[in-house]
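**Student:** Pasting the sequence and the predicted model now:
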Amino acid sequence: MTTLVEASGISAIRQSLAARRRRVTTLLVVALLAAIAASLYLGDYPVAPDAIVRSLLSPLTGEVNRGVDFIVLNVRLPRTTLAILTGVAFGLSGAIFQTLLRNPLASPDIIGISHGASAAAVICMLVFGITGVGVSLGALAGAMLTAFAIYALAWRGGVTPYRVVLVGIAIAAIMGAIISYLFTRARLQEAQEALAWLVGSLNAANLNDILPLAGALVLLIPATVYLVRSLDVLQLGDDAATALGNRVEPTKLALIVVAVAHAAFATAAAGPVGFVAFVAGPIARALLAGAGGGFLQSALVGAIVMLGSDMVAQHALPATQLPVGVVTGIFGAGFLLWFLAAANRQGRGG
Amino acid sequence: MEASVRPTVMRYQATLALGLLGLAVIVAMVAFLSMTVGARAIPLDMVWTALTAFDPDSTDHRIIWDLRLPRTLIGLLVGAALGLSGAVLQGATRNPLADTSILGIHAGAAVFVVMGITLFGITQLSIYVWLAFAGAGVAMFVVYGIASIGREGATPVKLALVGAAMTAALTSVVSAVLLMSPTTFDQLRFWQVGSLAGRDMAVLMQVLPFLLAGIVLALATARMLDGLSLGEDVARSLGQNVKISRAIAGLAAVILAGSATAAAGPIAFVGLTVPHVARAVTGPNYRWILPYSMLLAPILLLGADIIGRVVAPPGEVQVGIVTAAIGAPFFIALVRRRKLATL
């Protein structure tokens, strides 16, 4: 009898958790849709909502309105799309790293991967004088190489989260030093351009940025969905996971490759936009409040943070477009500070 | 039983004390080396005469007194401050990754320096010192304040998270200002790299009282840190007030890191690495970890500065770059070799 009651109690809890998960996901999707609508609507050139919808549908309907089509399809839509894609990629990357390394600090922008991409890009710009697509390729290669170096250096008959984080922070320090040094050696004008790239921006979003990232995500998102199912088991610890029949190291390696690829392609497209990868996971987990899941929600949070920040970056100051990275840092970090304070007050923090 | 344990403990302590003495000798040697090496090599006996019998007409003597001596003294003190602040922070937060850069201190200093340059057109290093110090203090105060909201106080994870959030927020502010003001960027890029060059006695005198007070306070926290390292509950049951201990240790760390950053700019790697090396030698006992960190760090910092002076003639590589280049691989080797204690 008691067992029956307990069992029904557990299933009731499960149901309420699943309901919470659905509520949070729905909320985030609605918020994202609202952000997309706002992002397409807001701008210096006023376009009526129905004109935006007609313009979006124009490839199907064949209706042409040059001025509006240019604004909507060539300026606002690419920018919005790039914001969503980079936000999703950064959000997933951060959430995977944080879960895999069991440390809320261990996002790619803390453990050196973004630093590797940045240093490679700065070397391309300041040492070899490369601009444009070459810088993105450099950043991509830099992120991959750095991640490989971190993994190889942390490897000792296996990889522990602790070693990866520590080695990553050391690598981040080296990369930061390289960037600082090149800044002191370069001409001011060039250093300024490199700094602008480092902050991360969507100001010149176009198809050349979007297509590689979109292509990468088509492969990466299914891989992520497939791999994160084994993450719950890995969370129990390596020994338990092995005992449960999981091939621990290959799974971990695959997860790291996927997480790095997310961060690398997003960085190549928009620069190392700070803090999106770092905040997406904690915000999603806090909204879920222990209801499980978290990756889909982290991706949604990442996209919302990116899109919202970019709108602020475009419209906060008259006549100036801030790079989105400035806003993600101030906004994202400010939000996290407020959020930590609130969580601490309720005794749920840390 | 007693008889067999006690000689072992005493031998252990004697060995550590001897090691400390050895380190002090190495510090002195590095300091003298730092006086001889540079764009103009000055032999050791000349350094000695310059120090003991100063002759104002000798160029070498002037170089020693005006350039090398302040640089060396600042290197020694900043090194000691960085090593101690790292050790104290790691002990107080029980977080092996705790570092002044992670807790937002560097970013706070940078924001104030940037604001000083942009808003008030300040260009003298001697005023940067105060700005950096104020910024470090404010940042640390806010980080600690937010992290200690709630029943369990400033736990390691909360401190680290709040610190990282603060750093990101402030770095964004700095980037925004730098993007809009190239002249500020032009000045900040040389401060931000972390360097001992161009500091004179006036800078040293400005930060000296803070550095000394910080060193004394930090060394006095050893017992509290040992208590905290047993875990909060044990520390509490031993009659220790955990919150006050953490606050005192935090104060010591911010004074040290603030004045070090003020004097030399943000140097990130020394405070993180050195305590781990010290701990590897001494074992988990802060009464030894703190003095070892205090002597090991200046060796690393001055050694790095000396290397930076000779490695790329005719120019210099700033000390912040060299500490990262030396410290990081060393740190990685350490991480690989030992199972680092979770603090």
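**Tutor:** Alright, I've got the coordinates. Numbering: from 1, shown residues only, chains lettered A, B, ... in the order given.
**Student:** From here on, just use CA atoms for contacts and neighbour counts.
**Tutor:** Fine.
**Student:** and B:V143, what element?
**Tutor:** If you go by DSSP states H and E, B:V143 is part of helix B:125-147.
**Student:** elements contacting that helix?
**Tutor:** Here helix B:125-147 touches helix A:333-345, helix B:105-120, helix B:156-180, helix B:201-220, helix B:242-264, going by 3 or more C-alpha pairs under 8 Å, 6 or more residues apart in numbering or on different chains; DSSP states H and E.
**Student:** any chance of those in CSV, plus mean neighbour count?
**Tutor:** Formatted as CSV, the helices and strands packed on helix B:125-147 follow (neighbours: other C-alpha atoms under 10 Å in any protein chain shown):
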stretch, mean neighbour count
helix A:333-345, 20
helix B:105-120, 23
helix B:156-180, 24
helix B:201-220, 18
helix B:242-264, 25
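**Student:** need the ones you listed in TSV with distance to A:I36 and mean pLDDT, can you?
**Tutor:** Formatted as TSV, the helices and strands packed on helix B:125-147 follow (distance: least, C-alpha to C-alpha, whole Å; pLDDT from 0 to 100):
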stretch	distance to A:I36	mean pLDDT
helix A:333-345	20	72
helix B:105-120	33	85
helix B:156-180	24	77
helix B:201-220	52	89
helix B:242-264	43	85
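**Student:** how about CSV for the ones you listed, with distance to A:A186 added?
**Tutor:** Formatted as CSV, those follow (distance: least, C-alpha to C-alpha, whole Å):
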stretch, distance to A:A186
helix A:333-345, 30
helix B:105-120, 20
helix B:156-180, 16
helix B:201-220, 28
helix B:242-264, 21
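**Student:** Tell me where the model's unsure across the stretch 1-150 of chain A.
**Tutor:** Applying pLDDT under 70 to the stretch 1-150 of chain A picks out residues A:1-7, A:105.
**Student:** go again using 90 as the cut-off
**Tutor:** A:1-22, A:42-75, A:97-112, A:114-115, A:125, A:129-137, A:140 (pLDDT under 90).
**Student:** And the helices and strands packed on helix B:125-147: which comes nearest A:R23?
**Tutor:** Nearest to A:R23, of all these, is helix A:333-345, at 19.9 Å by C-alpha to C-alpha.
**Student:** Point out the one among the helices and strands packed on helix B:125-147 that comes closest to A:A269.
**Tutor:** helix B:156-180 (19.5 Å).
**Student:** need the next SSE after that closest one, C-terminal direction.
**Tutor:** Defined by DSSP H and E, the subsequent element after helix B:156-180 is helix B:182-192.
**Student:** anything in that following helix near chain A?
**Tutor:** Yes - residues of helix B:182-192 contacting chain A under C-alpha under 8 Å from any C-alpha of the partner chain: B:P182, B:F185, B:D186, B:R189, B:F190, B:Q192.
**Student:** looking at it, the second one is touching B:A176, isn't it?
**Tutor:** Looking back up the chat, that one is B:F185. No - counting by C-alpha atoms under 8 Å, B:A176 is not a contact partner of B:F185; they are 10.5 Å apart.
**Student:** The one helix or strand B:A304 maps to vs helix B:201-220, what angle?
**Tutor:** In this structure, B:A304 sits in helix B:286-310 according to DSSP H and E. Between the axes of helix B:286-310 and helix B:201-220, defined by axes from the mean of the first three to the mean of the last three C-alpha atoms, to 10 degrees, the angle is 150 degrees.
**Student:** buried sites along the helix or strand hosting A:L27?
**Tutor:** Per DSSP H and E, A:L27 falls inside helix A:2-41. Buried residues in helix A:2-41, counted by 16 or more other C-alpha atoms under 10 Å in any protein chain shown: A:17-18, A:20-21, A:24-25, A:28-29, A:32, A:35-36, A:38-41.
**Student:** neighbours around A:A186, how many?
**Tutor:** Residues contacting A:A186 under the criterion other C-alpha atoms under 10 Å in any protein chain shown number 15.
**Student:** so A:A141 makes contact with A:A117?
**Tutor:** Yes - the pair A:A141 / A:A117 is scored as a contact, 7.2 Å apart, by C-alpha under 8 Å.
**Student:** out of those two, which sits in the busier spot?
**Tutor:** More crowded of A:A141 and A:A117, by other C-alpha under 10 Å: A:A117, with 32 against 19.
**Student:** list the contacts for the more buried one?
**Tutor:** A:G138, A:A139, A:L140, A:A141, A:G142, A:A143, A:T146, A:A264, A:T267, A:P272 (C-alpha atoms under 8 Å, 6 or more residues apart in numbering or on different chains).
**Student:** Then B:G250?
**Tutor:** Going by C-alpha under 8 Å, 6+ apart, B:G250 touches B:V88, B:L89, B:A92.
**Student:** circling back: show the average pLDDT along the helix holding B:V143.
**Tutor:** The pLDDT scores in helix B:125-147 average 82.
**Student:** what comes into contact with that helix?
**Tutor:** Here helix B:125-147 makes contact (C-alpha under 8 Å, 6+ apart) with A:337, A:340-341, A:344, B:103-113, B:116, B:122, B:153-155, B:158-159, B:162-163, B:166, B:199, B:202-203, B:206-207, B:254-255, B:257-259, B:261-263.
**Student:** Output the below-cut-off pLDDT ranges for the stretch 201-350 of chain A.
**Tutor:** Using pLDDT under 90, the stretch 201-350 of chain A drops low at A:201-209, A:211-212, A:225-257, A:268-294, A:313-350.
**Student:** hey, where'd the helices end up in it?
**Tutor:** Applying DSSP state H, counting those that start in this stretch to the stretch 201-350 of chain A gives helices spanning A:207-228, A:231-234, A:238-243, A:248-270, A:276-288, A:295-315, A:324-327, A:333-345.
**Student:** so which of these is the most packed in?
**Tutor:** The highest mean neighbour count among those, using mean count of other C-alpha atoms under 10 Å in any protein chain shown, belongs to helix A:324-327: a mean of 30.
**Student:** so who does residue 315 touch?
**Tutor:** Unless you meant another one, I'm taking chain A. A:G43, A:Q321.
**Student:** that's the wrong chain, I wanted chain B
**Tutor:** Shown in contact with B:G315 (C-alpha under 8 Å, 6+ apart): B:R309.
**Student:** tell me the secondary structure for it?
**Tutor:** coil (DSSP: H, G, I helix; E, B strand; the rest coil).
**Student:** Distance of it relative to B:V37?
**Tutor:** In this view, B:G315 and B:V37 are 14 Å apart by C-alpha to C-alpha, to the nearest Å.
**Student:** Name the residues contacting each of the two.
**Tutor:** Joint contacts of B:G315 and B:V37 (C-alpha under 8 Å, 6+ apart) are B:R309.
**Student:** biggest helix in chain B by residues?
**Tutor:** helix B:2-36 (DSSP state H).
**Student:** contact partners of the helix or strand following that helix?
**Tutor:** Using DSSP H and E, the helix or strand that follows helix B:2-36 in sequence is helix B:44-52. Outside helix B:44-52, the residues that touch it by C-alpha under 8 Å, 6+ apart are B:F32, B:L33, B:M35, B:T36, B:D60, B:H61, B:I64, B:W65.
**Student:** Pull out the buried residues from helix B:44-52.
**Tutor:** In helix B:44-52, counting by 16+ other C-alpha under 10 Å, buried: B:M46, B:V47, B:A50.
**Student:** out of the residues you listed, who's nearest chain A?
**Tutor:** Nearest to chain A, judged by C-alpha to the nearest C-alpha, of the buried residues of helix B:44-52 is B:V47 at 30.9 Å.
**Student:** separation between the closest one and B:A333?
**Tutor:** B:V47 is 36 Å from B:A333, where distance means C-alpha to C-alpha.
**Student:** can you check B:G116 too?
**Tutor:** Distance of B:G116 to B:A333, given as C-alpha to C-alpha: 40 Å.
**Student:** So which residue is dead centre in chain A?
**Tutor:** Nearest to the geometric centre of chain A sits A:F90, at 1.2 Å (C-alpha atoms, centre = their mean).
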